[in-house]
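J.: For reference, the sequence and a predicted model appear below.
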Amino acid sequence: MKGYNFGFLDEVSKREIRRKILKAIAIPGYQVPFSSKELPIPRGWGTGGIQITLSIIGPDDILKVIDQGCDESVNAVNIKKFIKAVTGVELTTDTTEATIIQTRHRIPEESMTEKQILVLQVPYPEALRVFEPSEVETRRMHAEADYARMWLYLYEDIVKFQEISIGARYPVLVNNRYIMDPSPIPRWDIPKLNMAKTLYLFGAGREKRIYAVPPYTDVKPLEFEDFKFRVEDFRGKCCMICGSSDTFLDELIDGSSGERIYICSDTSYCKKRRLVRSEL
Amino acid sequence: MELFPILEVRNLTKIYGKPCGECISHTGPIYETNICSRCNSLVACADINFELYPGEILGIVGESGSGKSTVIKLLAFDVEPLQGEYYIKHEKIINILGNGQKNLFNLTPFEKRQIRNQVIGIVYQYPYLGLKMNISAGGNIAENLLVAGLRNLKRIREKVLELFEKTELPIQRIDEPPIKFSGGMQQRVQIAKALSNNPPVLFLDEVTTGLDVSVKARILDLIKNLHHDYNFSIIIVSHDLSIIRVLTHRTIVMKLGRVVEAGLTDQILEDPQHPYTQLLVNSQL
Amino acid sequence: MGYEAVKGGHEAIENACRLFVYERVKNVKTPIKVEQIKDELYLLVDRVMSEASLYAPQLAALAIKQAAGDCFEAVFLLRAYRTTLPRLGYSLPIDTRNMRVIRRISAAFKEIPGGQILGPTSDYTLRLLDFTLFNENKKTINKFINEFLSELDLDVEEFPMNFPKIVDILRNEGLLVENFEGDRTFSDITKQPIIFPAKRCEVLQAMSRGETGGLLLLAYSNMRGYGDIHPTIGELRVGYVPVYIKENLLSGEVISIGEIKVTEAEIIAKFEKQEGKPSFTLGYGLCFGHNEIKAISMAVLDRAMQSKNPQMISENQEFVLAHIDGVESMGFCNHYKLPHYVTFQSDLDRLRKAQKEYKERHK
């Protein structure tokens, strides 16, 4: 875009963000405060993820942006349009082709490699915020690894519902030290964080925090010995487009019949599967 | 056989405000004030020394403003002292800190929390200080077990039920929040919570103040029975000499932040030496 | 029946953007000139500049036009533009004692040195719709200006260049004491994130770019009774202040780069027992442009947040500072319009499981 620096942000700002990213990688799961610039895209619409992407992206990178697993979603389209305009990088919808994937609320189904980076957009970086509104207090809790109240929250949940009621944003313990908010990904995606080959970077623009899960890091969902963490239950259901029964499914209500139908949330993977099936 | 104290306190001092250096020498019973005339700081307690022996119940008595509750707050790490030393000798301390004597005031917040959780049980005068009033009573007790690292829900529930029985709480109300409980029941929940990790030392800060006479009597009975069963060491703070008489072996009398008299409880109540103690005993007993 | 996931998102988005422009212009006979917004809607322009923290009347007016008058959007446009501008340097602190005052009042004293100067204000107008404005034109405007100016008995010579500060008088008499504890070094909140507890300079910066309505809400809660500071306006002044920068860092030569219009409020609050003798305390507010509600609210909150024992939300620094930025709050509010079907699916799964558990227990 004429009149703007490569990657929109000025080089000093990018360097600040890269420094904060390095710190985040050095202390897995720890939230690093950063100054967080205003962007032409609203706060709460992925400005943290965008700032990370813009700071690490180079002209040779290949970018994929998804929202809810979908490459065509309004927010993904908007972000892609902006990043393409200020960098000119190549875009893709293929998970395996991309060098950087920016995402909101999903981790792609296809496994990623050491050569790729997944950038997650984060609305609430603080996992402890559900029971403690004060930032001073939650920072103290993290510093002292004082996580009793998080466990108590889970205990109370089970007492009330015979079930942990947390759907997405399931809290995890990173590297046996920090409790981390994995961003609002479904529980389905939580196991993908553990000992992953790929670097995961988390950006919260409005709340001005960056954190990371480096490759091959231990990431455990919080669970009791006799009350285990469980992913969403799609038993007996499959994608009506590609037939997949081992992917996260979106539930839809059929307009004419009123029946429930299911399709893959990861649309590009779904397309790939369909191609493979039609070739067979 | 020589008897070693389980808990020792040396030169414990707490001042609220910015001390000027002359505060301690310008306050206390002789000056009839605990406010420093030079800098307006409040000397809550100064130069406190005592020890607690295994199985002993020690009373700290004094009227409000004497600094007795401050001493408990300091020992529970709720506030930080200006100076002082604090030691507890127990195998649980060795498990947390390793061998060797360490001044507990110098520990990290993490270590202090472990000691609060494992070694010290505390019951406050006001239940809201010790309990989360909107979290279930069972949850309040479970919190201590969770801090201790217990991650088996079934075992946590069993332990909470056991504590409910021990403290004579109605089991069917285990999942209700203490805010719905009576004052006496709230104190029982606090006691159950304090006992959850079998601490060798228990602090009781005016635990029956504000309760009806009959409720108070039953709480005191409970404390006596628990002491008999567990044989932990207790420090009990009260302005009420009848409680001190019923429960304690030894007593410390405090006035305006200083210890004015200490000794066997019977001796102090029957033959008080310090004029202030004489006044207290005459007015109450 | 075959299901296709929603596609063509790109085209729909493009059209939605263009439709937004179309809505604004479709019935327009004479487009509003940016200049007109700047001149006639100057209070809105002031508010947008202040909340965007960029003093640029022309650009603020442009933003208002582009945003079809949506104040939040206009602030956002200007803020997003601001972020692309390099920080060339920092001005020297502005001394409002040197303000070219257009309005200056004190509620603390009936008579004040220099006098009360009402200046331009809607405070005393009867709020009756003026139907003659339907037909306002150059002629009616000129007529009003000529009449107004000829009736004024102006003695420019006697008009003082600057005015003493009311709070200075109280300070000198020892009635007002400010002892702000903590770090007094300067930091720039657009370069470094605020870590709580925030420094006072960070508190004032954050409020100065805060959203007027948000500041008012919090300050009003304190004034009404969820708080206890009982403010009196020591002095409220509006006017123009010169901005100086050090042109040459080596020689230290100082030059003026122009002047800006600001509103400043100093509120005196209920006295508190400080260490030593009791005295009044001060709350301070300053913002770009003419925006008295913002400056007063800011001053009330500044004082409220100095509370030694914060009880109310307006006294809670973290609460106030985390919720007053309009660009942040409007962005987050709007983001709920984005699809959330993955999280919702996850919640559905939990609810169904919990309902199943419930049924089994209550068989």
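T.: Looks like it came in fine.

J.: where's C:Tyr22, which helix or strand?
T.: Here C:Tyr22 is covered by helix C:9-25, with elements defined by DSSP states H and E.

J.: next one: that helix to chain centre, how far?
T.: For helix C:9-25, the separation from the chain centroid amounts to 31 Å (computed by C-alpha atoms, centre = their mean, to the nearest Å).

J.: That one packs against which elements?
T.: Other helices and strands packing on helix C:9-25, by 3 or more C-beta pairs under 8 Å, 6 or more residues apart in numbering or on different chains; DSSP states H and E, are helix A:74-87. The way it works is simple: take the backbone N, C-alpha and C, and place the C-beta from them, glycine included.

J.: The helix it packs on packs against which elements?
T.: helix A:47-56, strand A:62-67, strand A:100-104, helix C:9-25.

J.: Adding mean neighbour count, write the ones you listed out as JSON lines.
T.: JSON lines is the format used below for the helices and strands packed on helix A:74-87 (neighbours: other C-beta atoms under 10 Å in any protein chain shown):
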{"stretch": "helix A:47-56", "mean neighbour count": "26"}
{"stretch": "strand A:62-67", "mean neighbour count": "24"}
{"stretch": "strand A:100-104", "mean neighbour count": "25"}
{"stretch": "helix C:9-25", "mean neighbour count": "12"}
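
J.: Give the buried residues for the helix or strand following the helix holding C:Tyr22.
T.: Of the helices and strands lying after helix C:9-25 in sequence (DSSP H and E), the nearest is helix C:34-40. For helix C:34-40, the neighbour count (16 or more other C-beta atoms under 10 Å in any protein chain shown) marks C:Val34, C:Ile37, C:Lys38 as buried.

J.: Kindly report the same for stretch C:87-102.
T.: C:Ile94, C:Thr96, C:Met99, C:Val101, C:Ile102.

J.: Just list the residues touching the third one, thanks.
T.: Okay, so that is C:Met99. C:Asn162, C:Phe163, C:Arg237, C:Gly239, C:Tyr240, C:Val241, C:Val262, C:Glu264 (C-beta atoms under 8 Å, 6 or more residues apart in numbering or on different chains).

J.: and the second one, how many neighbours?
T.: When neighbours are counted by other C-beta atoms under 10 Å in any protein chain shown, C:Phe163 registers 20.

J.: Please tell me the pLDDT value assigned to it.
T.: Here the pLDDT value assigned to C:Phe163 is 87.

J.: Look at it and tell me its secondary structure.
T.: What DSSP: H, G, I helix; E, B strand; the rest coil gives for C:Phe163 is coil.

J.: May I ask which helix or strand encompasses the residue lying closest to it once chain neighbours are set aside?
T.: Nearest residue to C:Phe163, sequence neighbours excluded (C-beta to C-beta, 6 or more residues apart in numbering or on different chains): C:Gly114, at 3.9 Å. Under the criterion DSSP H and E, no helix or strand holds C:Gly114.

J.: Would you mind listing where chain B has pLDDT under the threshold?
T.: B:1-2, B:285 (pLDDT under 70).

J.: Show me what from it comes close to chain A.
T.: B:108-110, B:113, B:132, B:135-136, B:138-139, B:142-143, B:146-147, B:151-154, B:156, B:175 (C-beta under 8 Å from any C-beta of the partner chain).

J.: What are the boundaries of the helices in the stretch 101-250 of chain A?
T.: A:135-143, A:148-161 (DSSP state H, counting those that start in this stretch).

J.: As a check, name the ranges of all strands in the chain.
T.: With no chain named, the answer covers chain A. A:32-33, A:62-67, A:90-91, A:100-104, A:117-121, A:172-174, A:178-180, A:199-204, A:209-213, A:219-221, A:249-253, A:260-264 (DSSP state E).

J.: think we crossed wires, I meant chain C
T.: C:100-105, C:232-248, C:253-272, C:279-288.

J.: Doesn't B:Thr251 belong to a helix?
T.: No - assessed by three-state DSSP, B:Thr251 does not belong to a helix; its assignment is strand.

J.: got the domain boundaries for the chain?
T.: By default, I'm working from chain A. A:11-221, A:233-280 (automatic domain parsing).

J.: meant chain C, my bad for not saying
T.: Using automatic domain parsing, chain C is parsed into the domains C:13-82, C:96-122+C:162-327.

J.: Out of these, which gets the lowest mean score?
T.: Among the domains of chain C, domain C:96-122+C:162-327 scores lowest, with a mean of 90.

J.: give the contact list for the residue nearest the centre of chain A.
T.: Centroid-nearest residue in chain A: A:Leu120, 3.6 Å away (criterion: C-alpha atoms, centre = their mean). By C-beta under 8 Å, 6+ apart, the contact set of A:Leu120 is A:Gly49, A:Gln102, A:Thr103, A:Arg104, A:Ile107, A:Pro182, A:Ser183, A:Ile185, A:Tyr200, A:Leu201, A:Phe202, A:Gly203.

J.: Would you mind measuring from it to chain B?
T.: 28 Å (C-beta to the nearest C-beta, to the nearest Å).

J.: Check C:Glu360 too.
T.: In terms of C-beta to the nearest C-beta, C:Glu360 sits 18 Å off from chain B.

J.: So which residues on the stretch 101-250 of chain A come close to chain B?
T.: Residues of the stretch 101-250 of chain A lying near chain B (C-beta under 8 Å from any C-beta): A:143-146, A:148-149, A:151-152, A:155-156, A:158-160, A:223-227.

J.: In the chain, spot the helix with the most residues.
T.: I'll assume chain A. helix A:11-26 (DSSP state H).

J.: right idea, wrong chain: chain C
T.: helix C:341-361.

J.: Same check on chain B?
T.: helix B:213-230.

J.: which of the residues in that helix are buried?
T.: B:Val215, B:Lys216, B:Arg218, B:Ile219, B:Leu220, B:Leu222, B:Ile223, B:Leu226, B:His227, B:Tyr230.

J.: Looking at the helices of the stretch 101-250 of chain A, which one is packed in the most?
T.: helix A:148-161 (a mean of 19; mean count of other C-beta atoms under 10 Å in any protein chain shown).

J.: which residues are contacting that helix?
T.: With C-beta under 8 Å, 6+ apart as the criterion, helix A:148-161 contacts A:127-128, A:130-132, A:141, A:163-166, A:171, A:179, A:222, A:224, A:227, B:132, B:135-136, B:138-139, B:142-143, B:146-147, B:151, B:153, B:156, B:175, C:354, C:357-358.
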